[in-house]
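[1] kindly return the folded structure for what I paste below:
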Amino acid sequence: MDSGVALQRMLLGRVLSSQDAARLHVRFNSAVIDRYRELSGAQLLRTSSVGRIALPGRWSLDVGISADESEVHVPAHDLFDRLPADEHAHWLAHLVPQPYSANFLQMRMAAGACIDDGEPVTWT
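    Modelled structure (predicted):
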């Protein structure tokens, strides 16, 4: 089994055990970092697989870097605990979406929403 898959399973197991979904990671296109390369006073440090974006005296955020460097990932908790609200729109613009059911997301976002997208069928 791929070690990355094993680590993700282990992380999900810990999330389930602790009932703390804030530990789950959110993925972003690595272009999210470009803004900070051009921002005066910003500090960007990295190894081959981990990085830190910092605006000293204001905030810092640690990120994981994918092997092909196309994405970074951050625990959800860090997004609301360490990233200021005025940075949220920038990060949202670089979100790497997961495959999903738009109807299911809409149903979960609106309490009592009813989604009629066809007759129920047996799931085979």
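[2] how close does the residue nearest to P84 when sequence neighbours are not counted sit to F28?
    Of all residues not flanking P84 in the chain, W59 sits nearest, at 5.6 Å (Cβ to Cβ, 6 or more residues apart in numbering). Heads up, the C-betas are built off the backbone N, CA and C, glycines and all. Note on W59: its distance to F28, by Cβ to Cβ, to the nearest Å, is 16 Å.
[3] more crowded one of the two?
    Per other Cβ atoms under 10 Å, whichever of W59 and F28 has more neighbours is F28, with 20 against 13.
[4] quick check: which element contains that one?
    If you go by DSSP states H and E, F28 is part of strand 25-29.
[5] check which residues of that strand are buried.
    Going by neighbour count (16 or more other Cβ atoms under 10 Å), the buried part of strand 25-29 is H25, V26, R27, F28.
[6] cool, stretch 43-52 as well?
    Taking 16+ other Cβ under 10 Å as the neighbour-count basis, stretch 43-52 is seen to contain the buried residues G51.
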